[in-house]
Structure formats: structure tokens, C-alpha cells
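In: 3D model of this:
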Amino acid sequence: MSTNGHRRVVVTGVGAVTPLGNDAETFWKNLTAGKSGAAPITQFDPSEFAVHFACELKDFEPTKWLEHRKARKIDRFAQMIIAAARMAEQDSGIEIEPETARTGASVATGIGGLKAFQDCYDQLKERGPDRINPFSIPAIIPNMGAAWVSMELGTRGPLWSECTACAASNMAIGQALDDIRLGRADVMLAGGTEAGITKVGIGGFGAMRALSRRNDDPEGASRPFDAERDGFVMGEAGAILVLEELEHARKRDAKVYAELVGYGVSSDAQHITEPDPTGQHPARAMRMAMDDAGISPEEIDYINAHGTSTPLGDASETRVVKIALGEEKARKTPVSSTKGATGHCLGASGAIEALICTFAVQRDVVPPTINYEHPDPECDLDYIPNESREWKTDYALSNNFGFGGHNACLVFKKFTD
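Out: This next block holds a predicted model:
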């Protein structure tokens, strides 16, 4: 048991497909080297759109992880999370036993099968309703990322699908944490996936003026907390953590990356897209996560910020961190947004950022905020500009804030017996 009376939950496996690499170690290597995943869009011809670039996966081959016939039936967002789940399962060395129903899955997405939706609409418009692919609806609906992980890996424990915009992955991981703490499961595959780089995705977010339009400089376009930021870069990713009850992990002599010790949630009740102007409600989620972990703000060593590279959002989060930690502590704490490198992966953001926090506490390295060149008076914290840093990291906190006022925060701890 932990100091707060809960069953202890540790990370024993990781898997990821990202714009910086299609496995967790390659991703981490490129992230800490300060590389960007942004490049011209290849999944469709973007020439008629205002934005021509994104952070796509490179060389992702779903049939490496899925039978060819299955891969054709499901959307890219589900293909990606199956790949991540398979990698995490292999990395953990766990043998899933379906008959015990003690292993579950909790997988988030912000949108779901956007490519399948686009294809369905195109078929309807061009060929009529009788020619719509009968697999369209199962490919579109957001829960099918979680469902496919469960079906492919044979998990028969709790099965969750969070769809809470950009806070979804943190909520999925938090739900999995609670399932293990409460004894509903011993092992949970938890994370998120998003494949929004489609005509609808780029066109829709572009119409909102949410995306950067630096078509002449894709790699420099996402610049969290920089004074010249002009919007986010769309990313896509899938990532899974294997969360396991500590004694269950010990019995099978599993390696442990980190311990997950805190989860906090709140809502703004404010606006469909704009952040809470007071900062009080996201800060409440941060404080709740720290309270759940049984620690004070002084013990936080690193914050992975939501930091999307939007003018309003980054300034707001700076205020949020100051409220949650106190002004003096906030100024001493390294804070980075890794979305400068990965783009904004929407509902998958929290999953890859949970992986980042896991590695940060395991390896005592914190990744940089790339493209940080012009200080903004409204953003005046230590954003780890442009180069990763060796940094003693016992506790890392991850922020995710979503459209509609969803706020979710996680705390990871360096594992000690």
C-alpha cells in the first residue's frame, strides 16, 4: 500500500507510434535531441488548404501489427493504438490471461475515426447511399480504439473509452489507475490515439484559426510559450502504458519504469474552446493530483505542460502553474511543452506525454521546448528552451486541458521499493 492507503500502481511496459519514431526509445531519442516531427502533409493533397504541413507518422506499416484484412476494415486511429498496445505488451513481458478478466484496457481519443468519416461522406456524395462501406460506422465511432485493443490482446477486464478532447488520454490513464487501486483489475493497458490529419481535420481546425500557418517553416511552426507563436501544428500518435499493481508486478519479476501516484480532474464551465481566464479550475486539477500523490508543490521537479503554441492557451497555462505551485516555486520548476516537437496530437497528447514523464523520472532527463526564441512577458517560467537537460526528477506532473473545459493532470514518481 502507498502512504495514502491505495494499492500501488507502476508502469511496467510502454509502446508508441509518434511523429518522432515508431517505438518508444526512438521517440525519446529524437525528442531529447530537439528534433521536430513537422513536415509537408503526405496523406492528401493540401494545396487548396491554408495549412500545408503537420506532424505525421513516418513509415508506419499497420500490417506489421495486424492482419491485412483487418487493417483494411479499421481506421488509422485504431491501427495506431493496436501497434502501440502490442509493443507495450511485449515490452512488459506480461502474459494476458483472458479467463481471469483481471487485465483491462482504457484508451482515449478526441475524435475517433476521422478518416473513415471522410471516406464515408465521399462515398455518399459520389456514389450514393447504397454504396457506403458497411464497415464505416464501426470504423468511425471513438470507442473502437479501446475495443480493438481488447479484442486483439484478449483483455476481458474493465474496458473504457474516454472522449474528452485533449484531456482524454490523461483521463483514460487516470481511470485505469483507479481501476487497479479499487481492485477491479491488476493490469490495465492505458493510453490514447488520434489520427486527425485529414481534410476535415486540417480544414476544420484551420477554419477556427487554431493552426499555425507557417507553411514556409514547418519545423519551426510549433513554438510553445514563444512570443511569436501563432497556433498549433496538427499531430498524430498512439501510445500505451502498461499499468500494473505493484505486488502483481513483483511476483513476475517485472521491470518497473516509474510509479503513477496522482490523478486530478476539474472543469472550467467556461467556453467551448477558450481556457478559464482565472486559471483557478485547471490549477485545482493540478493541486488535486498532487494531493492524491500525497506531496506538496515543493516536491514537483518537472511539469510537462499542455502548451499547444496558441496565444491564449500558453499564457493561461503559465498563470495556472503559478496558482497551483505558488509564484516562487513555479519560477524554480522546469516546465516544457513537447508539442513543439510532436505537434498537438489532440486526444493522444496525454498518452505520449505520460510516456515522456515516465522516462523523465526514470532517467533524470527533462526534454526541451523547441523553437523557443522570443520571450513573452506573459510566459515567464523556465521552459527548458531548445535543449534537453539532465535534471534530478523524482516527481513529474503532466497537464492536459481540453476544449469544453476538461482538465486532467497526472503525477509520476521515480520508483523506489
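In: what's the helix or strand hosting residue 286 in contact with?
Out: Assigned by DSSP states H and E, residue 286 falls within helix 280-293. The contact list for helix 280-293 (CB atoms under 8 Å, 6 or more residues apart in numbering) reads 4, 261-270, 275-276, 296-297, 299-300, 316-317, 320-321, 323-325, 395, 397, 399, 401, 405, 407-411, 413. C-beta here means a position set from N, CA and C on the backbone, and glycine is covered the same way.
In: narrow those residues to those in helices?
Out: In this view, these that belong to helices under DSSP state H are 316-317, 320-321, 323-325.
In: dump these to a markdown table, plus distance to residue 70, pLDDT and neighbour count.
Out: Listed next are those as a markdown table, based on distance: CB to CB, whole Å; pLDDT from 0 to 100; neighbours: other CB atoms under 10 Å:
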| residue | distance to residue 70 | pLDDT | neighbour count |
| --- | --- | --- | --- |
| 316 | 42 | 96 | 22 |
| 317 | 40 | 97 | 28 |
| 320 | 42 | 97 | 27 |
| 321 | 43 | 98 | 27 |
| 323 | 47 | 98 | 19 |
| 324 | 44 | 98 | 27 |
| 325 | 46 | 98 | 25 |
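In: now tabulate the residues you listed in TSV and tack on distance to residue 76.
Out: Listed next are these as TSV, based on distance: CB to CB, whole Å:
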residue	distance to residue 76
316	31
317	29
320	33
321	34
323	38
324	36
325	38
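In: which among those residues gets closest to residue 350?
Out: For the ones in helices among the contacts of helix 280-293, the closest approach to residue 350 (CB to CB) belongs to residue 317, at 14.4 Å.
In: from residue 282, how far off is the closest one?
Out: To residue 282, residue 317 is 7 Å away according to CB to CB, to the nearest Å.
In: can you check residue 50 too?
Out: 30 Å.
In: again, but for residue 54
Out: 26 Å.
In: residue 346 too?
Out: Counting by CB to CB - residue 346 and residue 282 are separated by 18 Å.
In: picking that back up, what touches both of residue 317 and residue 282?
Out: 275, 399, 401.
In: pLDDT of the top helix by length along the chain, averaged?
Out: In the chain, taking DSSP H as the definition, the longest helix is helix 76-92. For helix 76-92, mean pLDDT rounds to 98.
In: please renumber so the chain begins at 481
Out: Got it, the first residue is 481 from now on, which makes the last one we talked about helix 556-572.
In: and it, which residues are buried?
Out: Within helix 556-572, the residues scored as buried using 16 or more other CB atoms under 10 Å are 556-569, 571-572.
In: thought residue 535 was touching residue 518?
Out: Yes - using CB atoms under 8 Å, residue 535 is in contact with residue 518, at 5.1 Å.
In: spit out the residues that contact those two alike.
Out: 499, 702, 713, 823.
In: now those residues in TSV, with neighbour count and distance to residue 766?
Out: Below are the shared contacts of residue 535 and residue 518 laid out as TSV (neighbours: other CB atoms under 10 Å; distance: CB to CB, whole Å):
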residue	neighbour count	distance to residue 766
499	28	27
702	35	23
713	29	25
823	33	24
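In: break the chain down into its domains, please.
Out: The chain is divided into the following domains under automatic domain parsing: 490-731, 744-893.
In: just the helices in the stretch 581-730 of the chain please.
Out: 594-607, 616-620, 624-633, 648-661, 679-687, 726-731 (DSSP state H, counting those that start in this stretch).
In: for residue 703, what are its contacts?
Out: 709, 789, 820, 850-853.
In: and residue 551, by the same measure?
Out: Residue 551 neighbours (CB under 8 Å, 6+ apart): 542-543, 559.
In: same deal with residue 526?
Out: 520, 532-533, 682.
In: buried ones among these?
Out: 532-533, 682.
In: number of nearby residues for residue 861?
Out: 20 (other CB atoms under 10 Å).
In: returning to what we had before: closest one to residue 673 out of the buried residues of helix 556-572, please.
Out: residue 561 (3.8 Å).
In: excluding chain neighbours, what is closest to the closest one?
Out: Nearest non-adjacent residue to residue 561, counting by CB to CB, 6 or more residues apart in numbering: residue 673, 3.8 Å away.
In: if we can go back for a sec, who has more neighbours out of residue 530 and residue 762?
Out: Neighbours were counted for residue 530 and for residue 762 using other CB under 10 Å; residue 762 has more, 32 against 13.
In: the more buried one and residue 711: what is the separation?
Out: With CB to CB as the criterion, residue 762 and residue 711 are 20 Å apart.
In: point out the most buried one among the helices of the stretch 581-730 of the chain.
Out: Looking across the helices of the stretch 581-730 of the chain with neighbours counted as mean count of other CB atoms under 10 Å, the highest average goes to helix 648-661: a mean of 28.
In: tilt between that one and helix 760-773?
Out: 30 degrees (axes from the mean of the first three to the mean of the last three CA atoms, to 10 degrees).
In: ok now helix 648-661, how far from the chain's centre?
Out: 13 Å (CA atoms, centre = their mean, to the nearest Å).
In: over to stretch 519-535?
Out: 22 Å.
In: just stretch 704-718 next, same as before
Out: Worked out by CA atoms, centre = their mean, stretch 704-718 lies 14 Å from the chain centre.
In: please consider this matter closed, and thank you.
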